[in-house]
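# build me a model:
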Amino acid sequence: VNSGGTSDGSFQRYLIKMSCDQDRLIQVEPLLDLLHFLEPDRKDRIKAKFREEGDINAAAFLIDEIIHSKNYARGWSRELIAALETVGCRHAAKYVLNSPPEPTEEAENDSCVRLIDLLQLTLVSMKTGDVCAHCRALGLLTLEDQENLTENQGNIGGARLLLKRLVKNEAGWFSKFLQALEDTEHHDLVRELRGEPCNEDGEARTQTQLSNYRIISLPSSEESKRDIVLRDYQMEVARPALEEKNIIICLPTGSGKTRVAVYITKKHLERKKQMGQPGKVVVLVNKVPLVEQHYKAEFGRFLKHQYSVERVSGASQLKISFPQIIEQNDIIICTAQILENSLAKAKNGDEDGIKLSQFTLMVIDECHHTKKGGVYNHIMIRYLSQKHKNQLLKKQEKSPVPLPQILGLTASPGVGGAMNQQMAEEHILQICANLDAFTIKTTTFKEEEAKTPYKRIARAEERKEDPFGDVIKKIMDEIHTHADLKPLCDPGTQYYEQWVVQKEQNAAKEENQMVRVCAEHLRQYNEALHQSNTIRMSDAFRFLNKYHTEELKTKSSPDEEGTITITDTERFLFTLFKDNKAKLQELMGKPQYENNSLAQLKTSILKEFSTRERARGIIFTRTRLSAIALCQWIQENPKFDEVGVRASYLIGGGDQSVVKPMTAAEQKDVLNKFRDGQINLLIATTVAEEGLDIAECNFVIRYCLVTNEIAMIQARGRGRAEDSSYTLVAEAGSGVAERESVNEYREKMMSTAIVKVCKMNRADYEKKTREFQMQAIIEEKVKIKKKLLKGMMKEPPSKISLSCRQCSVFVCSGEDIEKIENMHHVNVTKQFSKLFTVRENASLQERLLDYETNGVIACKNCGQQWGSMMLYKSIECPCLHIKHFVVTYSSKKKTFSKWSELPIKFPAFDYTQHADLLVEDSEEEDLETD
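Residues are numbered from 1 along each chain as shown. Prediction:
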């Protein structure tokens, strides 16, 4: 008999009985570390089983080893029991001691285990780190469990492991798990597990579906747990807003600004309800993806059980109007432009408009964008104008128009173009004035300072040899000679880019086709030079090759209606590239000539992934093209694969670039994979710097990229995990490292300016902000008057004519142009249809509108793109893009980038007239056929 009071034979029988349920009772890996009676070679065999086949089969193998062995020293059974209890497998320990739970209790426990299995897909959405911490406090996990479950497993991966671990506890664990979910604000998950109706995204799991499971549940504490608990520093910055004052909250990325806004929103609506007054909150964001993010992660998650919350953006497909959405909901999350459009409609007397007075609280996310020309500022100018009118109404003893409370959120207001401390303070005061803020609230972190990323600058040596770049520069010199161009700066720089763009515009106006087309090609070579200095030579070559291939395609007629002419200059340019193509291809295959910045980036990435147990990071780069190329470079390099790098790129959704934009769904998919750990390295443009909810990183790299102090702070704020690093990779002599130092100085200026503004005498602060506000109101009035005068001065379309930007052939008179939906400029005349060909639109995108883009229209003479072919209510309408034309206006030739720059009033598209003509033509064709 062993010291535990159980004979070896009976002890082994209990083990056999337990083996029937070993799949959820034993944690093999930590248990083996405590079983000293097992020989090392047996442990190795069990560990190998665990690695190859998982916990369940390894547990069966372990029990089998114990049952069939007869060589263990006395006390081994007591050691096994102690080990089971130490690693948290108390349920298994009870089986070993032949004291299993009562049958009814065991059946109830089995029901809970099956319920967890049934709802696993829903439960993995929990915030694993928070739930693990509470489970450990309730005795469901050991410290080792918590560390294993939360250290870089990813949220979903960690959640799956947590659920597997929980069911190994003794009966009663389910109630404690519910308590942990309640404490961490997972109310919807608690309702799911209790079988109560749950309205998550319009779905409900009814009691009938869960009727096969008896559930142990705690008394409902939902009402008491709905309050959002803020940290001390969060409560401190929120306090003035809770007193109904307009404020700006300035907190670093990841410190919970949005959570504070949710808390303020909740308290605001509760207060309005207590006072018997209506409450309505609008949350404004400046990017479409943020609408869904704020709804799911914050406002919807915490408040939709109590208030009606709706989100609206350009990507929404809601079937009711914006005013109806405002009327029917308590909290509306929308892009600022949608609100501004609706406010403008109300100003113009449109019934589909809304007024600021309909809201009681307005939350403005990333409020540092509230500056001249921005949509946030347009909205706030309306607010300030009404506030000024209200002061006059009060003097006349009339009722003022109610205005919403303002809450601004930012990680960094920046310093604008400030060159000294005084100008920085002026900038902060200007932002405060624009938002009518009573104060700007910030905080200094003590315990959080350890989370500030360690910063380093990785300088790459300047290239000693660049034969690939030399070939490109030689080509550019030949073009300069051909077109008699004398550049004022070195190729490969931004200054050269500006110079060549200006040359192209001037040449288009002067109808100098030789210089114009040469300037266009020089611009592409300049971009290739920049690429070869930051990404691979092969990427730069592919860029040039693609450009020339696509240009050649435009010179081939898609039908036999006419022949597209190729000028001598175009033939010279195509031949020049063709003659140098083989040399460029040869050089791009020689790695010794690659830029040193890329080698430095490689070193930095490998260092992060080889020195950290689980690395997760972001690389910020300047262009979409470089983000995609860097991602491809990493994926193709086996060295990165060896250290476990799993990379993907994240770029913007705008359509201004030559690179196909990412859709909101594609962005969301990449971010989810990054959050779950399927991807551990993001290569991103500045789209990822601001606002988007990106999982904690332990390293951030800015690759040859420096913009301003706001972007620097936003990017650095992405490194929020413990022991995180922030690295700037820059080539020596490029000026990038120096500009970063300037940004650091500006950041210090900003922090000092905020402190000084907060300490200003109240009278001085109000005087200064009022001056800024009055200036803004007057400037807006002047601007409106100018706009009205400009509108009155708009001339008839007959004043202009359009010619092809490339070959100067006459295209049409302004009289032939009409506008669809006050936006798209179309020419549906028969004469115009004879001048262009239609090509396939490579970047065709679906649009949920009355029109769709079917193809590209191009000049029959030279192949220059002119615009796109639209299908508007079944009528084909050639839509002109002004940037592809030279406009003759009052006998002067000009170029424009937007139609709005033209002071011409075009008539609206007459759909009925054109539809009738289309029907008549069709009938005539039928008669001819008959």
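
# contacts and neighbour counts: CA atoms only from here.
Noted.

# pLDDT weak spots in the stretch 151-300 of the chain?
152-153, 195-227 (pLDDT under 70).

# which residues in it form helices?
155-166, 173-183, 187-194, 222-225, 232-242, 257-274, 288-294, 300-303 (DSSP state H, counting those that start in this stretch).

# of these, which approaches residue 855 most closely?
helix 288-294 (26.8 Å; Cα to Cα).

# which other helices and strands does the closest one contact?
strand 309-312, strand 331-335 (3 or more Cα pairs under 8 Å, 6 or more residues apart in numbering; DSSP states H and E).

# would you single out the least confident of the ones you listed?
Per-stretch mean pLDDT for the helices and strands packed on helix 288-294 is lowest at strand 309-312 (a mean of 90).

# could I have the CA atoms of that one written out in PDB?
Only the C-alpha atoms of strand 309-312 are listed here, as PDB (Å, rounded to 0.1, in the frame of the first residue of the first chain):
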ATOM      1  CA  VAL A 309     -26.900  52.300 -32.300                       C
ATOM      2  CA  GLU A 310     -26.500  52.600 -36.100                       C
ATOM      3  CA  ARG A 311     -23.600  53.100 -38.500                       C
ATOM      4  CA  VAL A 312     -23.600  54.900 -41.800                       C
END
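
# tell me which residues in it are buried?
Buried residues in strand 309-312, defined by neighbour count with 16 or more other Cα atoms under 10 Å: 309-312.

# against which helices or strands is the next helix or strand after that strand packed?
Counting by DSSP states H and E, the element after strand 309-312 in chain order, helix or strand, is helix 322-328. With contacts defined as 3+ Cα pairs under 8 Å, 6+ apart, helix 322-328 has no helix or strand neighbours.

# offset the numbering so it begins at 30, please.
That works, and once the first residue is 30, the last one we named lands at helix 351-357.

# identify the residues contacting helix 351-357?
337, 339, 361, 371, 381-383 (Cα atoms under 8 Å, 6 or more residues apart in numbering).

# for the record, mean pLDDT for it?
On average, helix 351-357 scores 89.

# roughly how far is it from the heart of the chain?
27 Å (Cα atoms, centre = their mean, to the nearest Å).

# which parts of that helix are buried?
351, 354-355.

# now stretch 926-945
Those would be 931-938, for stretch 926-945 by 16+ other Cα under 10 Å.

# what's the answer for stretch 652-663, then?
652-660, 662-663.

# which ones among those lie within helices?
With helices defined by DSSP state H, the entries of the buried residues of stretch 652-663 inside them are 653-660, 662-663.

# which two in those residues are spaced the farthest apart?
653 and 663 (15.6 Å).

# run a quick neighbour tally on the residue nearest to residue 138 when sequence neighbours are not counted.
Distance criterion Cα to Cα, 6 or more residues apart in numbering; nearest residue to residue 138, sequence neighbours excluded, is residue 200 at 5.9 Å. Around residue 200 there are 19 other residues, counting by other Cα atoms under 10 Å.

# go on, residue 426?
9.

# what's the mean pLDDT across stretch 370-387?
The model assigns stretch 370-387 a mean pLDDT of 84.

# any weak-confidence spans in the stretch 680-829 of the chain?
In the stretch 680-829 of the chain, residues with pLDDT under 70: 682-688, 716-725, 734-752, 761-774, 819-822.

# list the contacts for the closest residue to residue 171 other than its chain neighbours?
Excluding its sequence neighbours, the residue lying closest to residue 171 (Cα to Cα, 6+ apart) is residue 165, at 6.1 Å. Contacts for residue 165 (Cα under 8 Å, 6+ apart) come out as 171-172, 175.

# to which secondary structure element is residue 165 assigned?
helix 157-166.

# and the next element down the chain from the longest helix seen in the chain?
The helix that spans the most residues within the chain, counting by DSSP H, is helix 791-821. Note on helix 791-821: by DSSP H and E, the next helix or strand toward the C-terminus is strand 829-833.

# same for the next helix or strand after that next one, what does it pack against?
Sequence-wise, the next helix or strand downstream of strand 829-833 (DSSP H and E) is strand 839-842. If contacts are counted by 3+ Cα pairs under 8 Å, 6+ apart, strand 839-842 sits against strand 829-833.

# and the strand it packs on, which strands flank it?
strand 839-842 (antiparallel), strand 914-918 (antiparallel) (DSSP bridges).

# list the buried ones in the first one?
This means strand 839-842. In strand 839-842, counting by 16+ other Cα under 10 Å, buried: 840-842.

# where do the strands sit along the stretch 630-779 of the chain?
646-649, 676-679, 710-713, 728-732, 754-760 (DSSP state E, counting those that start in this stretch).

# returning to that earlier point: got JSON lines for the buried residues of helix 351-357, with distance to residue 801 too?
Output for those, formatted as JSON lines (distance: Cα to Cα, whole Å):
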{"residue": "351", "distance to residue 801": "32"}
{"residue": "354", "distance to residue 801": "34"}
{"residue": "355", "distance to residue 801": "31"}
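
# out of the residues you listed, who's nearest residue 92?
Nearest to residue 92 among those, with distances taken as Cα to Cα, is residue 354, at 62.2 Å.

# any idea how far that closest one is from residue 693?
22 Å (Cα to Cα, to the nearest Å).

# out of the contacts of helix 351-357, who's the most crowded?
residue 361 (26 neighbours).

# wait, what's in contact with that residue?
310-312, 338-341, 354-355 are the contacts of residue 361 under Cα under 8 Å, 6+ apart.

# what does residue 277 give?
436-439, 461, 464, 466, 468-470.

# in helices, which of those residues fall?
Going by DSSP H, the helices hold residue 461 from the contacts of residue 277.

# could you export the contacts of residue 277 as a markdown table, including distance to residue 525?
Below are these laid out as a markdown table (distance: Cα to Cα, whole Å):
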| residue | distance to residue 525 |
| --- | --- |
| 436 | 44 |
| 437 | 40 |
| 438 | 39 |
| 439 | 36 |
| 461 | 39 |
| 464 | 40 |
| 466 | 43 |
| 468 | 45 |
| 469 | 42 |
| 470 | 44 |
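
# go ahead and build a PyMOL selection from the buried members of the contacts of residue 277.
With 16+ other Cα under 10 Å as the criterion, this PyMOL line picks the buried residues out of these:
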select buried, resi 436+437+438+439+461+464+466+468+469+470
